[in-house]
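> I'd like to go over a predicted model; first the sequence, then the structure.
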Amino acid sequence: MAGDGFASLPKPPYYAVIFSSQRNAHDDAGYGAMAERMVELAAQQPGFLGVESTRGTDGFGITVAYWDSEDAIRAWRQHAEHTAAREQGRRDWYDHFELRVAKVERAYGWDRTNGG
C-alpha cells in the first residue's frame with residue numbers, strides 16, 4: 001500500500017490524525033483496495049503531508065495521516081468518497097476504532113543508515 005514506511009514531513013508544527021482500528025475478517029481484498037484508494041485520494045488533498053500505517057496479524061492497526069492545518073483535516077473529513085469509505089468501514093470492516101487529532105509541536109528521529 002502507498003504510505004508504507006516513514007512519512008517525509010516538514011518541521012513542526014503540523015497535525016496528526018491517528019486512526020487506531022480493530023479489523024474483522026470480512027472482505028480483506030475489498031478493504032485493502034479501499035485503504036489504498038484512501039491514501040491515494042488523501043495525497044491529492046490540499047494540506048496533506050504524508051501517512052504512516054501498520055497492521056498486525058491480529059487485525060489491530062494504526063494509521064497516522066499528517067496535515068498542515070485543522071482546516072485541511074475538516075475538508076478531508078467532508079470529502080464525499082472518504083465519507084462513503086468511513087460508512088463502509090463501520091458497516092463491513094471494523095469491530096472497533098478510535099480517532100484522535102493531535103498537534104505535533106516537536107519531532108525528531110534517528111536513522112542508522114544515514115550516519116546514525
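Alright, I've got the coordinates.

> list the buried ones in the lengthiest helix in the chain?
Criterion DSSP state H: the longest helix present in the chain is helix 28-43. Within helix 28-43, the residues that count as buried by 16 or more other Cβ atoms under 10 Å are 31, 34-35, 38-39, 42. All C-beta atoms are positioned from the backbone trio N, CA, C, and that covers glycine.

> Given the following helix or strand past it, what are its sheet partners and their directions?
Downstream of helix 28-43, the next assigned helix or strand under DSSP states H and E is strand 48-55. Strand 48-55 pairs in its sheet with strand 60-67 (antiparallel), by DSSP bridges.

> mind checking how far stretch 109-116 is from the chain centre?
In this view, stretch 109-116 has its centroid 24 Å away from the chain centroid, taken as Cα atoms, centre = their mean, to the nearest Å.

> swap that for stretch 83-92, sorry
Worked out by Cα atoms, centre = their mean, stretch 83-92 lies 15 Å from the chain centre.

> Repeat that for stretch 37-49.
10 Å.

> ok, back up a step: closest one of the buried residues of helix 28-43 to Pro12?
Ala42 (19.7 Å; Cβ to Cβ).

> give me every residue that touches the closest one.
Ala42 is in contact with 48, 51, 65, 76, 82, counting by Cβ atoms under 8 Å, 6 or more residues apart in numbering.

> from these, which two are the most distant?
Going by Cβ to Cβ, the pair spanning the contacts of Ala42 furthest: Val51 and His82, at 13.2 Å.

> which of those two has more neighbours?
More crowded of Val51 and His82, by other Cβ atoms under 10 Å: Val51, with 21 against 17.
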